[in-house]
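Novice: Test case, fold it:
(2 chains)
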Amino acid sequence: MLLKKLTEASGVSGNEKEVRNIILDEIQDFVDDIKVDRLGNIIAYKKGKDNPKKLMITAHMDEVGLMITDIDDMGLLKFTTVGGIDKRILVSKPVLIGDNKVLGVIGAKPIHLQKREEWQNALEIEQLYIDIGVNNKTEGEKLVSIGDYVIFNSQYVEFGDKLVKAKALDNRVGCSLLIELIKEIEDIGFYGVFTVMEEVGLVGAGPVAYTVEPDLSIILEGTLCYDIPKLDSHLIPTHLNKGPAISLMDRTTLFDMEFRKRITKIAEENHIPYQYRKSSMGGNDSGKIHTTKEGSVTATISVPCRNIHSPTSVMSKQDYENTYKLLKTILLEYEKGEL
Amino acid sequence: MKFNSQLMEELVTTYGPSGNEDNIRIYIKEQIEDYVDKIEVDSLGNLIARKKGNGKKIMIAAHMDQIGLMITDIDKDGFLRFTNVGGISPYILMSQKVIFENGRVGVVYVEPIEDISKLKLSNMFIDIGVNNKEEAENLVNIGDICIYKPDYSENDNVIHTRYLDDRVGCYVAIEAIKGIKNPKNDLYFVFTVQEEVGLRGAKTSAFKVEPDIGIAIDVTGSGDTPKAKTFAVGLNEGTAIKIKDNSIITHPKLREHMVNIARNNDIPYQMEVLEHGGTDSGAIHLTKEGVPTGAISIPTRYVHSTIETASKKDILDSVKLLIKLLESDIQL
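Specialist: Below is the predicted model of the structure:
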């Protein structure tokens, strides 16, 4: 299954090769032109009939993770974070390190030995270490190197009522949607772009937009979802099972009102449920894309993901299907020249 | 030159928050179209007006967007929740009237809180005087942006109003467009969008224009109110020539040239070293291979409040400096 393969692959920012290879393998027979640029972004093009506006659909390939910074005398590994990770989620998690995916567990002082005041605060990254089951530094150095990337060891599992638990749903869900679109859509011309290093500052997207020069872009994302019942509705950024989330604004973009309204109208006309992403926090590749060169128009459509940036992100297959349906309908409108 | 009160009042009272600048763009276009050679609107919505000349290509940027509030939620009783578009202080927002593009007025208040220091945008709401969600949804949609309701006052000396930032810059640019008859330089007046959310319009328009020189026109603060932090800019002390802010250190030769122009034409001026904040000049000077850029600032008290205050004399001096600068031979 595509989303399983994508989420279980290793692709922390700057190390997207494994994910990129899966994507290249999936799409290369379905595109008319494909290249990997110097930063590692995939820029694929599908031919279609002439359209006055150049459309680009993007999803970032990278995920948040860790990087090894030191190996101590006992062979325990010190690490730093790559991208936004809540340090409170780290302790006791199994991880996979480096190209060989060496298993490790993130350890810390047992609760019995912690002083009462230590309970009050989350453990700092400096207090955590990764145990790879070796006895000393030399043994450790045989298995891992400083600079190795670390991913969470978390399998794709379907559970409950059409829900999915996986790591890296942000943004393999976007990659999966875009791959499926590229494979299914015929005779509609658009650029399908998979970017690198979004999680460390939207790094890949600017150069991509510089190359492609799009008029319109749709950024596909897995976005934050926090829909616990005790919260006032205005504090809930997105809900699970309420459909694709359309962005209003975030720290990097004030999304073009006309394009946003066009998209919600398409959803309404086709009876596809949608919701607005109510938070103005966070940012995505749109921030770079819409301000590149002379500027362009962007929209972001996301699949809500609970526990985002963690090993146990949760999304709904129903939201995925509705997001896909919306994208397909948008492409049909684009083909008619009505975007 | 007489102070054009009508233009100023119309500028500060025309709707146009960041991301929805259509109305103000139409207004400005009407004011300038008879005085320029060519007008373009780019994909982000920047208004680019060219007055042709043979000299240097100069981009003059004044941002036309305003800070405002974007609606994110409508509750069952029809109360609206919002996020800020640009720098909005909850303390200034409290008890204000706001207005939507369609003219609907609302008032801003807060959930009961014991401690005023807990005032946050997320516990505030807008009451638009409806009985339920359905009535509200007939008037306002999620994603709509409202602004502070216009309230303009003027006396012989100063203007008190919301949105001097940066409609006063638009005023200076418009008056310069009208005042320059036969441009020596090739002038691109750009009324930019989305400055308040990160100089976004200036970035893309500068890429398009590719100027030899950039000039931003914007408000700056003042250090002349009771117990103000030290800042050597005050009202009625003349136009301000920017040396630095958080977004730029202005080009030294251009700055020197601006000072010489002010001196030679007896235009009162002051030098501005702003420790916080930035202007469109920050985005312009980093465009492509780099653009020598300066800024003319209008000293303004209480920036981003609903009672921004500036001196009419300083505004006129800023127009004078801009005109003389644009009509000069600039050698850098």
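Novice: who in the stretch 201-332 of chain B is up against chain A?
Specialist: B:G201, B:K203, B:T204, B:S205, B:F207, B:K208 (CB under 8 Å from any CB of the partner chain). For every residue, glycine as well, the C-beta is placed using N, CA and C.
Novice: among these, which are in helices?
Specialist: The helices, defined by DSSP state H, take in B:G201, B:K203, B:T204, B:S205, B:F207, B:K208 from those.
Novice: can you redo these as TSV with distance to B:G290?
Specialist: Shown next, in TSV, are those (distance: CB to CB, whole Å):
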residue	distance to B:G290
B:G201	19
B:K203	13
B:T204	17
B:S205	16
B:F207	12
B:K208	16
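Novice: Weed out the non-buried ones from these.
Specialist: B:G201, B:K203, B:T204, B:S205, B:F207, B:K208 (16 or more other CB atoms under 10 Å in any protein chain shown).
Novice: so what's the first one up against?
Specialist: Going back to what we said before, that points to B:G201. Residues counted as contacts of B:G201 (CB atoms under 8 Å, 6 or more residues apart in numbering or on different chains) are A:G295, B:L44, B:G45, B:N46, B:H63, B:D65, B:V190, B:T192, B:V193, B:Q194, B:E195, B:D280.
Novice: what's the answer for the fifth one, then?
Specialist: Contacts for B:F207 (CB under 8 Å, 6+ apart) come out as A:K293, A:E294, A:G295, B:T287, B:K288.
Novice: now that we have the residues you listed, which one has the most neighbours?
Specialist: A:G295 (24 neighbours; other CB atoms under 10 Å in any protein chain shown).
Novice: On the three-state scheme, that one is what?
Specialist: The local conformation at A:G295, judged by DSSP: H, G, I helix; E, B strand; the rest coil, is coil.
Novice: Contact partners for the closest residue to it other than its chain neighbours?
Specialist: With CB to CB, 6 or more residues apart in numbering or on different chains as the criterion, A:G295 has its nearest non-adjacent residue at 3.1 Å, and that residue is B:T204. Applying CB under 8 Å, 6+ apart to B:T204 gives the contacts A:T291, A:T292, A:K293, A:E294, A:G295, B:D42, B:S43, B:L44, B:N46.
Novice: try 10 Å
Specialist: Contacts for B:T204 (CB atoms under 10 Å, 6 or more residues apart in numbering or on different chains) come out as A:290-296, B:42-46, B:192-194, B:283, B:287.
Novice: taking these one by one, which sit in helices?
Specialist: B:A283.
Novice: Filter the contacts of B:T204 down to the buried ones and hand me the ChimeraX line.
Specialist: Selection of buried members from the contacts of B:T204 for ChimeraX, criterion 16+ other CB under 10 Å:
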select /A:290,291,292,294,295,296 /B:42,44,45,46,192,193,194,283,287
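Novice: Can you give me the domain assignment for the chain?
Specialist: Using chain A here. Chain A breaks down into these domains under automatic domain parsing: A:2-63+A:167-335, A:65-152.
Novice: wait, I meant chain B there
Specialist: Structural domains assigned to chain B are B:5-66+B:163-326, B:68-148, following automatic domain parsing.
Novice: Next one: whichever residue of the stretch 1-150 of chain A sits closest to chain B from A:D62, what distance?
Specialist: Nearest residue of the stretch 1-150 of chain A to chain B: A:K53, at 10.1 Å (CB to the nearest CB). As judged by CB to CB, to the nearest Å, A:K53 and A:D62 stand 28 Å apart.
Novice: who's more crowded, those two?
Specialist: A:D62 (29 against 12).
Novice: wait, which of the contacts of B:G201 is closest to B:D37?
Specialist: Set against B:D37, the nearest of the contacts of B:G201 by CB to CB is B:V190 (14.5 Å).
Novice: Over to that closest one. Which of the three states is it?
Specialist: strand.
Novice: For A:T298, see how far away it is.
Specialist: Distance, B:V190 to A:T298, using CB to CB: 21 Å.
Novice: Get me the contact residues on chain A for chain B.
Specialist: A:215-216, A:232-237, A:246-258, A:260-261, A:264, A:275-281, A:287, A:290-297 (CB under 10 Å from any CB of the partner chain).
Novice: Give me the subset of the residues you listed lying in strands.
Specialist: A:L216, A:I246, A:S247, A:Q275, A:Y276, A:R277, A:V297 (DSSP state E).
Novice: For the third one, which non-adjacent residue is closest in space?
Specialist: The spatial neighbour of A:S247 that comes closest, neighbours along the chain excluded (CB to CB, 6+ apart), is A:T300 at 3.8 Å.
Novice: got it, and A:K78?
Specialist: A:D70 (4.0 Å).
Novice: State the mean pLDDT of the host helix or strand of the one you found.
Specialist: Element membership for A:D70 (DSSP states H and E) is strand A:65-71. Averaged over strand A:65-71, pLDDT sits at 97.
Novice: pretty sure A:K49 is in contact with A:I188, am I right?
Specialist: Yes: using CB atoms under 10 Å, A:K49 is in contact with A:I188, at 8.0 Å.
Novice: Which neighbours do the two have in common?
Specialist: Common neighbours of A:K49 and A:I188, counting by CB under 10 Å, 6+ apart, are A:E335.
Novice: okay, these two: which has more neighbours?
Specialist: With neighbours defined as other CB under 10 Å, A:K49 and A:I188 compare such that A:I188 has more, 18 against 9.
Novice: and the more buried one, what does it touch?
Specialist: Counted by CB under 10 Å, 6+ apart, A:I188 has contacts A:46-49, A:51, A:55, A:181, A:328, A:331-332, A:334-336.
Novice: Need these in TSV (columns: pLDDT and secondary structure).
Specialist: As requested, those are exported to TSV (pLDDT from 0 to 100; DSSP: H, G, I helix; E, B strand; the rest coil):
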residue	pLDDT	secondary structure
A:K46	96	strand
A:K47	94	coil
A:G48	92	coil
A:K49	87	coil
A:N51	90	coil
A:L55	97	strand
A:L181	98	helix
A:K328	98	helix
A:L331	97	helix
A:L332	95	helix
A:Y334	96	helix
A:E335	94	helix
A:K336	92	coil
